[in-house]
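In: How does the following fold in three dimensions:
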Amino acid sequence: MAPVENDLWINRTDGYFRYRIPALVETEGDSILAFCEGRKRTGGDDDEIDILVKTSRDGGVTWSDQRIVVSEGTETCGNPCPISDRTTGVIWLLFCQNNQRVFVTSSDDDGESWPKPREITPEVKNPAWSFVGTGPCRGIQLHSGRLIAPSWCDETPGPVRWRPTVMGAVQSSYVIYSDDHGATWQRGDMLTRDASDECAVVEPEEGSLYMNARSRQGRLARASAWSRDGGVSWSEIAYCREMPETSCQGSMVRCDVDSGELESVILAHPSDPQSAASSTCVSAGTVAAAGLSRRFSRRGRQVTPISQWPGTDPFCVCTRTAMDWCWPDVMWSGCRAASRLARATCTGLSIMAPYHSYPFSNGCRLAASKRGIWRYAFK
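Out: Below you'll find the model as predicted:
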């Protein structure tokens, strides 16, 4: 069955020059919230940016009009990282202002209203860091109830400047977390310095946290690490040579069977070391009686490709219980193109991929199919 496509956001409409950096989360009320950055003038990372949201109450078939969640005039408010708290039903949204300050807001009515954001910078950003970034993807909740927001920090030497922005010389991954359902937040340890940045996390087994990240220093391979204490401390970054990449954000999600047991961990990332706009790999690590598959165990890793998206571009993945919608930054990968979004769906699993036309596409596009090219993913 061919996917049915709908435009979610169209560039140069509704007062915004470009729409980028989406994030997707499912609420306990069975709504889907799609966030993105609305870039007003240039489309750049330091543009005047608002955070927008749309809501679907029918599984992504139809969507509401966009609403502004965060707007601070000429400031850059971006990197939306939503987290669904299964215990309270609250949706938490972490974001950055000018990539120097971190704020949080929340909604307890399925995304209809959002109170004034409160700043948490002192708790989650080392004063020595020049810049910080939440996401850019959704966060997760652990079995313990801890809320986790994958994040990155920047230690570029010299004066901190914004517009023009100077960053990227030294960056690392870390996580922000809360143990009291969002009342307070704190940061975990920074991972191996300057070895990775934009990252995604899953809890493949209770008590273990796995991170897969964009690599640095020309490694051209996905970076990974493990935590046994919920993201407070981490193993040294290891590079996965069987996961070649062009240094671009990827996406990862835990997929459970109906009993709540882990069935697979799905990882999607651009797999062509030369380009983020071609040869995307979507892979699965499955659970056997002995525990985790070698793909995601500490005993070794094994790539199990599921398929490649027909558009051959970077992917993001989601499930019906833990949706994820990452956006690899193709502007940093030599592709002078805005992006749109496609979605293919099988039983309980959705694969979302930004794909591009040259020199520009129309915005963000959502395509949906209940049964299609992904129907064999869990055979």
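In: does the closest residue to Arg12 other than its chain neighbours have beta-bridge partners, and which?
Out: Counting by C-beta to C-beta, 6 or more residues apart in numbering, Arg12 lies nearest to Arg18, which is 7.7 Å off, once chain neighbours are set aside. To be clear about C-beta, it is placed using only N, CA and C from the backbone, and glycine gets the same treatment. Bridge pairing for Arg18 (DSSP bridges) gives the partners Arg39.
In: what's the neighbour count on Arg18?
Out: By other C-beta atoms under 10 Å, the residues close to Arg18 number 24.
In: Touching, it and Asp45? I think so.
Out: No - using C-beta atoms under 8 Å, Arg18 makes no contact with Asp45, being 11.0 Å away.
In: mind checking how far the residue nearest to Thr62 when sequence neighbours are not counted is from Leu8?
Out: Nearest in space to Thr62, with sequence neighbours left out and distances taken as C-beta to C-beta, 6+ apart, is Ser56 at 6.3 Å. Per C-beta to C-beta, to the nearest Å, Ser56 is found 10 Å from Leu8.
In: joint contacts of the two?
Out: Common contact partners of Ser56 and Leu8 (C-beta atoms under 8 Å, 6 or more residues apart in numbering): Ala34, Trp63.
In: hmm, back to that, okay, the residue nearest to Arg12: pLDDT?
Out: Arg18 is assigned a predicted lDDT (pLDDT) of 89.
In: next one: Trp9
Out: pLDDT, Trp9: 81.
In: quick one, phi psi at it?
Out: Phi and psi for Trp9, reported as degrees, to the nearest 10, are phi -130, psi 140.
In: Does it touch Val53 like I think?
Out: No - in this structure, Trp9 is not within contact of Val53 by C-beta under 8 Å, at 11.1 Å.
In: can you give me the strands in the stretch 101-250 of the chain?
Out: 101-107, 118-119, 131-134, 140-141, 147-154, 171-178, 186-187, 196-205, 208-215, 221-227, 238-244 (DSSP state E, counting those that start in this stretch).
In: right, and those strands - which one's nearest Pro80?
Out: Among the strands of the stretch 101-250 of the chain, the nearest to Pro80 by C-beta to C-beta is strand 131-134 (7.6 Å).
In: Reformat the strands of the stretch 101-250 of the chain as JSON lines; add mean pLDDT, distance to Glu28 and mean neighbour count.
Out: Formatted as JSON lines, these follow (pLDDT from 0 to 100; distance: least, C-beta to C-beta, whole Å; neighbours: other C-beta atoms under 10 Å):
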{"stretch": "strand 101-107", "mean pLDDT": "98", "distance to Glu28": "11", "mean neighbour count": "20"}
{"stretch": "strand 118-119", "mean pLDDT": "98", "distance to Glu28": "23", "mean neighbour count": "11"}
{"stretch": "strand 131-134", "mean pLDDT": "97", "distance to Glu28": "22", "mean neighbour count": "23"}
{"stretch": "strand 140-141", "mean pLDDT": "95", "distance to Glu28": "11", "mean neighbour count": "21"}
{"stretch": "strand 147-154", "mean pLDDT": "98", "distance to Glu28": "14", "mean neighbour count": "26"}
{"stretch": "strand 171-178", "mean pLDDT": "98", "distance to Glu28": "17", "mean neighbour count": "25"}
{"stretch": "strand 186-187", "mean pLDDT": "98", "distance to Glu28": "25", "mean neighbour count": "17"}
{"stretch": "strand 196-205", "mean pLDDT": "91", "distance to Glu28": "18", "mean neighbour count": "24"}
{"stretch": "strand 208-215", "mean pLDDT": "92", "distance to Glu28": "22", "mean neighbour count": "24"}
{"stretch": "strand 221-227", "mean pLDDT": "92", "distance to Glu28": "26", "mean neighbour count": "22"}
{"stretch": "strand 238-244", "mean pLDDT": "83", "distance to Glu28": "33", "mean neighbour count": "17"}
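In: how about a markdown table for those, with distance to Glu37 added?
Out: Putting the strands of the stretch 101-250 of the chain into a markdown table (distance: least, C-beta to C-beta, whole Å) gives the following:
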| stretch | distance to Glu37 |
| --- | --- |
| strand 101-107 | 14 |
| strand 118-119 | 19 |
| strand 131-134 | 12 |
| strand 140-141 | 21 |
| strand 147-154 | 16 |
| strand 171-178 | 19 |
| strand 186-187 | 23 |
| strand 196-205 | 15 |
| strand 208-215 | 18 |
| strand 221-227 | 25 |
| strand 238-244 | 27 |
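In: closest to Leu33 out of those strands?
Out: Nearest of those to Leu33, taken as C-beta to C-beta: strand 101-107 at 8.3 Å.
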